[in-house]
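**Q** mind looking at a prediction? Sequence and model below.
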Amino acid sequence: MKLHLALVVAAVTLSGCVSMSRSEAVAPLSADLAQGSRVSEIRLSRSDELKVTPGFDDLFKSRVQAKLDACATGDRPLRLEAELERLDKANPVVTAVVAGSNVLRGSARLVDVATGQVVADYKVGKTIVGGRFAVVVMGEAEEQLSDAFGEELCKQAFTPAE
């Protein structure tokens with residue numbers, strides 16, 4: 001554990017940002033749906049305890065939709081039911097001096113619009129650690145974490161396994 005932490009701190013110091021995924025498929029999307037579907041609607045639920053800006057819900061939906069539009073290009077419409085459990089933003093002062101992290105934890109369910117059936121379920125998690133050279137990027141936590149949610153879902157659900 002100490003070696004892992006030391007490697008993360010070294011990487012942050014050298015590169016500015018390090019990204020770690022904690023996403024996993026609970027019930028993956030079938031290959032035929034992954035290839036033939038698109039996300040036509042996003043529903044977001046989140047705790048009122050999350051400290052976000054007033055326009056966060058719209059920002060999240062638009063940024064996640066943009067990511068999904070690039071990877072889910074089929075004809076069959078799916079609805080994304082996203083639930084956010086945790087969204088932590090790095091403290092800019094601490095990030096400038098040492099390092100900080102932006103953290104996202106949530107879940108994503110894909111629902112077939114035609115049938116109402118849940119066709120996939122994922123846990124979505126992303127931690128982005130940044131140091132002093134990345135203080136500006138780390139300060140855009142809501143944008144960064146919204147993009148990360150979309151990217152993680154693209155990778156988990158709509159990118160063919162190699």
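**A** Thanks, I have it.
**Q** got a list of contacts for the longest helix anywhere in the chain?
**A** Using DSSP state H to define each element, the chain has its longest helix at helix 56-71. With contact meaning Cβ atoms under 8 Å, 6 or more residues apart in numbering, helix 56-71 is reached by 38-39, 42, 44, 46, 53, 80, 82, 84, 142-143, 146-147, 149-151, 153-154, 158-159. Where C-beta positions appear, they are placed from N, C-alpha and C, glycine not excepted.
**Q** check which element follows that helix along the chain.
**A** Going down the chain from helix 56-71, the next helix or strand is strand 76-88, by DSSP states H and E.
**Q** please, where are all the helices along this protein?
**A** 2-15, 31-36, 56-71, 92-97, 135-139, 141-153.
**Q** flag the shaky bits of this structure, pLDDT-wise.
**A** Along the chain, the model assigns pLDDT under 70 to residues 1-20, 90-100, 130-139, 161-162.
**Q** identify the bridge partners of residue 108.
**A** Note on residue 108: beta-bridge partners by DSSP bridges are residue 82, residue 122.
**Q** before I go, just wanted to say thanks for your time.
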